[in-house]
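Undergrad: From the sequence below, what's the structure:
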Amino acid sequence: MSMSAIVTTNLTKRYGDLVAVDNLNISIESGEIFGILGPNGAGKTTTIMMLCTLLKPTSGTATVNGFDVVKHPSRVRESIGIVFQDPSSDDTLTGYENLKLHALMYDVPMKEIDARIDRVMTLVDLKDRMHDIVKKYSGGMRRRMEIARGLLHEPKILFLDEPTIGLDPQTREHMWKYIESLAKRLNMTIILTTHYMEEAENLCRRVAIVDHGKIAVLDTPANLIASIGGDISVKTHSIDMNDVFFHYTGRAIREEEGDDMGRLRAYTNVRQSNNK
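TA: Numbers count the residues shown, from 1 in each chain. Reported below is the predicted structural model:
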């Protein structure tokens, strides 16, 4: 049986009277593509921030790659990579230069940097374009380059925040294939947040739908669809993951999660912060 890459036990985060994450209990297997879905303000970002050591839990525990997020934050950070929904690379530099800066930030040995850049850019089919200025990349190429950057320090666990947002359907489908190949070839655990229900259905082995800081439901996409009367094996099934999402979270419009994602983006510099 696979070792669990992430385990949370009664993981909780409170802000005064507000309970942002409420006794979260999940276990994500090594090599699994796991989806976290939920309306705005449901607690997704707060959960990820605790798993990335950017927020300390109010109570409960979590381990990432076997390391406690509070007791061993630096080991957790060494184990993970993050690719944000908004581009965070410098488009005035080449792909190679962006990756080299990332390698230096993560203390990748100098003698290994070029070989690692070559390897990850080959993995995302950008080896022949790595010396081009990023400004010249298409949207899909830039997303693939940022995934390559997230892989450069060889993390065991990769967080993908809305990995295909803003991409056309053809590029989105290609990105799904890259993500699936990463999990299979590298036995990498991938935590995916998305608002595209089709993406969750096609990519994720299991999906957790989070609402009001709690897990509303957690299962495979097929079982979730079956739970409300659908059949994923029927190509033209009338019930899909959108219906599942509405069933468990309702249809009311939610407020945005505020500045939490901005704080999460600070992860790119957290390697240089103190590792209390």
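Undergrad: make it CA atoms for all contacts and neighbour counts henceforth
TA: OK.
Undergrad: Run a quick neighbour tally on residue 209.
TA: Residue 209 has 21 neighbouring residues, counting by other CA atoms under 10 Å.
Undergrad: Give the bridge partners for it, please.
TA: Counting by DSSP bridges, residue 209 forms beta bridges with residue 37, residue 217.
Undergrad: who's in contact with it?
TA: By CA atoms under 8 Å, 6 or more residues apart in numbering, residue 209 lies in contact with 36, 37, 38, 215, 216, 217, 218, 245, 248.
Undergrad: Now flag whichever of those is closest to residue 118.
TA: residue 36 (31.4 Å; CA to CA).
Undergrad: distance of that closest one from residue 194?
TA: As judged by CA to CA, to the nearest Å, residue 36 and residue 194 stand 7 Å apart.
Undergrad: Next: residue 131.
TA: 31 Å.
Undergrad: Looking only at neighbour counts, state which of those two leads.
TA: Using other CA under 10 Å as the criterion, residue 131 and residue 194 rank with residue 194 on top: 19 against 13.
Undergrad: Show the model's pLDDT score for the residue lying closest to that one once chain neighbours are set aside.
TA: Distance criterion CA to CA, 6 or more residues apart in numbering; nearest residue to residue 194, sequence neighbours excluded, is residue 162 at 4.7 Å. Per-residue pLDDT puts residue 162 at 84.
Undergrad: ok so, going back, restricted to buried residues, select the contacts of residue 209 in ChimeraX.
TA: The buried residues among the contacts of residue 209 can be selected in ChimeraX (16 or more other CA atoms under 10 Å) with this line:
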select :36,37,38,215,218,245,248
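Undergrad: looking at this structure, which helix or strand is least sure?
TA: The weakest-scoring helix or strand in the chain, judged by mean pLDDT, DSSP states H and E, is helix 267-270 (a mean of 47).
Undergrad: What count of nearby residues applies to the residue nearest to residue 194?
TA: For residue 162, the count of nearby residues is 17 (other CA under 10 Å).
Undergrad: what do you get for residue 51?
TA: Neighbour number of residue 51 under other CA under 10 Å is 28.
Undergrad: Tell me if I'm right that residue 4 and residue 27 touch.
TA: Yes: the pair residue 4 / residue 27 is scored as a contact, 6.2 Å apart, by CA atoms under 8 Å.
Undergrad: okay, these two: which has more neighbours?
TA: Legend: neighbour count by other CA under 10 Å for residue 4 and residue 27, higher for residue 4 (18 against 14).
Undergrad: and that one, what does it touch?
TA: 27, 28, 29, 30, 65.
Undergrad: what residues does the longest helix along the chain touch?
TA: Looking across the chain with DSSP state H, the single longest helix is helix 169-186. Identification of contacts with helix 169-186 by CA under 8 Å, 6+ apart yields 31, 32, 33, 124, 140, 144, 164, 188, 189, 190, 199, 203.
Undergrad: Residue 113 belongs to a strand?
TA: No: Residue 113 sits outside any strand when classified using DSSP: H, G, I helix; E, B strand; the rest coil, being helix.
Undergrad: Who are the contact partners of the closest residue in space to residue 213 that isn't next to it in sequence?
TA: The spatially closest residue to residue 213, leaving aside those adjacent along the chain, is residue 21, at 4.0 Å (CA to CA, 6+ apart). Counting by CA under 8 Å, 6+ apart, residue 21 touches 11, 12, 13, 14, 43, 46, 47, 212, 213, 214.
Undergrad: Quick check: the second one touching residue 56?
TA: In other words, residue 12. No: contact between residue 12 and residue 56 fails when scored by CA under 8 Å: they sit 9.4 Å apart.
Undergrad: Which of these two has more residues huddled nearby?
TA: Neighbours were tallied for residue 12 and for residue 56 using other CA under 10 Å; the higher tally belongs to residue 12 (25 against 17).
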